[in-house]
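Trainee: Sequence isn't available, so here's the structure alone:
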């Protein structure tokens, strides 16, 4: 056996039996493999949100295969793929629609890829609408069992995989940053596509325009340092800036959603005078650095 | 050990610790057994929906024991049972209220059954209201460990188990079909109790009455083939017809719910002229074919 | 290896990847360990509800480590701790904010404790806001692997751990009981902080004031014995009294929430004449008996 873990993310939700059936298919094909559920609450068909969640998770995943299924094009001519990274240290399986691209980039890029067109490694009866069960889960299980990548289907140039399209924050002429909300988490924190280094020279107070109102956010170390009733800019657990409110929801208070556009400016009006060199560790690589 | 997998479905939800406690009981009694969660989001007390979800899942489950708990009569004189199928190839455990019947039928029918009335295989303190924890989970664990069925309680005639009551679609005199929505999935697709063979001779366009309006649905291969703004009739991943809308919810658009009654007719008004013989594989057996 | 099970409860929800990442960290550090999810739907920052859920679950958990994370103070100077119970038969890991206290009390009290301040057993990059991933999960994994408690950090006096603050029901001068709703479960049953022994001498009918209206509840054996349209007082699956309505939600019907105050009185106005001695088994210990 090559691997004994599959890390599984989808937009299947937990209301239906989809996730359980995928687990069951893996259990039947590769009983020794453990399937770890990353999340199945990606909004239906939200490829970008799924790609971001995978990118956030991938530095922490156990060695093995990543199975990602957010697949609005299931049954059409979009391709199902298996992607090798680091010359076989890990594989990612799912639709070729950009979902897997941010995670692939996080772990160094693809070294090989195939289209999953060999029916020998599909379930016997393939429905038009449930490739997660019929094609992707069996592929992930067989990769764990040690089946060679090229047996799963036709090799393709990994450079031609669909890229992820993630928003990049933009410095403006007047010293501000045009940013975007990448993710609202359960606690209402709003992760931005802004690296803390980008505002390292800014004053403590930052003006945020967009959402409900212009607000001044204070750069603080953690949630508990946010003044009561105030807004904080924290470095979140993935190394990006996030807007937060202590023990409440910044998303509700500021009326932000995923994709909301914001303008950040030093609150005193001064432009930042210098910029530190950015030295990102692998686990701090920004999700927006996707090829 | 006889089996190392329990496939678990319930209406416990994931808001409380019920599911985790059942997992813990199995872990304590049979540490080598893996519990696969099929779904726990069956609407509270909705025996029919739970039975359908089990029937859809059962062709894909790993060998072992099915633990199903949707049990509005817990604590009353309804019986808890363990059912053997295929002379011991698998077992199903849960209340005898019809929940397990569709799945039992899918795998060939019961070959033996017992009432779970032997307290030796219950937890020490049995509460009146949590048989999943106190009686069913221990029974499933002990079956995995190899305990003989008859040791779990009094044998009963499997023919006297409570049958599942599932709606059967009906051809009408004027060449239509009276159908019913069996299931609305997360994506809003509405599965009908209609086999694709039943409309194999129909034209591509099918009139659907019921729900919000009469609509014409096109028989298409997959979601992506549904014209924008239109309604499709696809063969879903379980081999039944489903109403679908591309990248949106047919349930919301047509105002359908589980149990909604519909009338299907060939859109041109012609009656179908012939009917192909039906040859269902086991994995395509219809959930409405329950004894 | 000392243990092979971690029982995990949090307020992380399942919408984000937090739970999956914690599973992945454990899988990477201690691949043989199984993580059992107790619940992750504790309301955000609701330490009391999380503590009650752990207390309800703990008698059923498999031997090993309990990982509990409901942590509004993450990143502040609140302490992260590992607590030994029964001289090493089990450990609990999480924030020292009272979350773990009811469960610790249920299993006999702490015999040792450390603050998790040894970075050797943290992940390499510790963020300010995700101790579950960076500190608590690694601690739980290392305890499973056999690392000595004292290596994880500075020993502290277990008597100085933050206690749980749970409401205790109070007898009143006129023979009633002031009670509080501890928990509303998925089915709408309202668990009270009242031991059945406390009303053992009362008549069958009990007057309940609070919530929507004064109502008379009948003491019954199980849900099915509640008269249609009526309210029942059942001994729930954890050995406490709960208000219930047959096949409906007592919480909705009586407008009760967690924390609602109620007054119980014998419906005939008579004071109870005697009180049986209370003899609680370990699994029937009341969650309100927390030091």
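Mentor: Okay, I see it. All of these numbers come straight from a predicted model, not from anything done at the bench. Numbers count the residues shown, from 1 in each chain, chains lettered A, B, ... in the order given.

Trainee: Just want the residue of the stretch 101-250 of chain A that's nearest chain C.
Mentor: Closest contact between the stretch 101-250 of chain A and chain C, by Cβ to the nearest Cβ, is at residue A:222 (2.8 Å). (C-beta placed from N, C-alpha, C; glycine too.)

Trainee: That residue is in contact with residue A:234, isn't it?
Mentor: Yes - Residue A:222 lies in contact with residue A:234 (Cβ atoms under 8 Å); the separation is 6.2 Å.

Trainee: Can you pull the residues that touch both of the two?
Mentor: C:128, C:129 (Cβ atoms under 8 Å, 6 or more residues apart in numbering or on different chains).

Trainee: okay, those two: which has more neighbours?
Mentor: residue A:234 (27 against 18; other Cβ atoms under 10 Å in any protein chain shown).

Trainee: who touches the helix or strand harbouring the more buried one?
Mentor: Under the criterion DSSP states H and E, the helix or strand holding residue A:234 is strand A:231-235. Identification of contacts with strand A:231-235 by Cβ under 8 Å, 6+ apart yields A:189, A:196, A:199, A:206, A:208, A:215-223, A:225-226, A:241-246, A:250, A:253-254, C:127-129.

Trainee: What number of residues are in the vicinity of the residue in the stretch 101-250 of chain A positioned nearest to chain B?
Mentor: Residue nearest to chain B within the stretch 101-250 of chain A (Cβ to the nearest Cβ): residue A:130, separated by 3.3 Å. Neighbour count of residue A:130, defined by other Cβ under 10 Å: 23.

Trainee: For it, which non-adjacent residue is spatially closest?
Mentor: residue B:237 (3.3 Å; Cβ to Cβ, 6 or more residues apart in numbering or on different chains).

Trainee: Go ahead and confirm that neighbour touches residue A:133.
Mentor: Yes - here residue B:237 reaches residue A:133: they are 6.8 Å apart, a contact under Cβ under 8 Å.

Trainee: what's the overlap in contacts for those two?
Mentor: Residues touching both residue B:237 and residue A:133 (Cβ under 8 Å, 6+ apart): residue A:127.

Trainee: who's more crowded, the two?
Mentor: residue B:237 (25 against 22).

Trainee: Next up, the contacts around the more buried one.
Mentor: So residue B:237 contacts A:127, A:128, A:129, A:130, A:133, A:134 (Cβ under 8 Å, 6+ apart).

Trainee: Now do the contacts for residue A:216.
Mentor: Contacts for residue A:216 (Cβ under 8 Å, 6+ apart) come out as A:205, A:206, A:207, A:208, A:231, A:267.

Trainee: Including pLDDT, secondary structure and neighbour count, could the residues you listed go into a markdown table?
Mentor: Formatted as a markdown table, the contacts of residue A:216 follow (pLDDT from 0 to 100; DSSP: H, G, I helix; E, B strand; the rest coil; neighbours: other Cβ atoms under 10 Å in any protein chain shown):
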| residue | pLDDT | secondary structure | neighbour count |
| --- | --- | --- | --- |
| A:205 | 95 | strand | 13 |
| A:206 | 95 | strand | 24 |
| A:207 | 94 | strand | 16 |
| A:208 | 94 | strand | 24 |
| A:231 | 94 | strand | 21 |
| A:267 | 90 | coil | 17 |
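
Trainee: Reformat the residues you listed into TSV and put distance to residue A:26 next to each item.
Mentor: Below are the contacts of residue A:216 laid out as TSV (distance: Cβ to Cβ, whole Å):
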residue	distance to residue A:26
A:205	51
A:206	46
A:207	50
A:208	44
A:231	44
A:267	52
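
Trainee: and the two most separated of these?
Mentor: A:231 and A:267 (11.5 Å; Cβ to Cβ).

Trainee: Just the pLDDT for residue A:284.
Mentor: For residue A:284, the model assigns a pLDDT of 35.

Trainee: I meant residue A:215, not that one.
Mentor: Looking at residue A:215, the pLDDT reads 89.

Trainee: and it, how many neighbours?
Mentor: Neighbours of residue A:215 (other Cβ under 10 Å): 18.

Trainee: Now do the same contact list for it.
Mentor: So residue A:215 contacts A:207, A:208, A:231, A:254 (Cβ under 8 Å, 6+ apart).

Trainee: As TSV, those residues with distance to residue B:156 would be great.
Mentor: Listed next are these as TSV, based on distance: Cβ to Cβ, whole Å:
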residue	distance to residue B:156
A:207	74
A:208	68
A:231	65
A:254	62
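
Trainee: Return the closest of those with respect to residue B:5.
Mentor: Of the contacts of residue A:215, the one sitting nearest to residue B:5 (Cβ to Cβ) turns out to be residue A:254, at 46.9 Å.

Trainee: Tell me which helix or strand residue A:7 sits in.
Mentor: Judged by DSSP H and E, residue A:7 forms part of strand A:5-10.

Trainee: Past that strand, which element shows up next along the chain?
Mentor: helix A:18-29.

Trainee: That next one near chain B at all?
Mentor: Yes - Helix A:18-29 reaches chain B (Cβ under 8 Å from any Cβ of the partner chain) through A:18, A:19, A:20, A:21, A:23, A:24, A:25, A:27, A:28.

Trainee: buried residues in that helix?
Mentor: For helix A:18-29, burial by neighbour count (16 or more other Cβ atoms under 10 Å in any protein chain shown) applies to A:18, A:19, A:20, A:21, A:22, A:23, A:24, A:25, A:26, A:27, A:28, A:29.

Trainee: Need the pLDDT of the fifth one.
Mentor: By that I understand residue A:22. For residue A:22, the model assigns a pLDDT of 98.

Trainee: Assess the claim that it and residue A:132 are in contact.
Mentor: Yes - here residue A:22 reaches residue A:132: they are 5.5 Å apart, a contact under Cβ under 8 Å.

Trainee: Can you check which residues contact both of those two?
Mentor: Listed as contacting both residue A:22 and residue A:132 by Cβ under 8 Å, 6+ apart are A:10, A:12, A:67.

Trainee: Any quick PyMOL command for the buried ones out of those?
Mentor: To isolate in PyMOL the members of the shared contacts of residue A:22 and residue A:132 that are buried, counting by 16+ other Cβ under 10 Å, one can use:
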select buried, chain A and resi 10+12+67
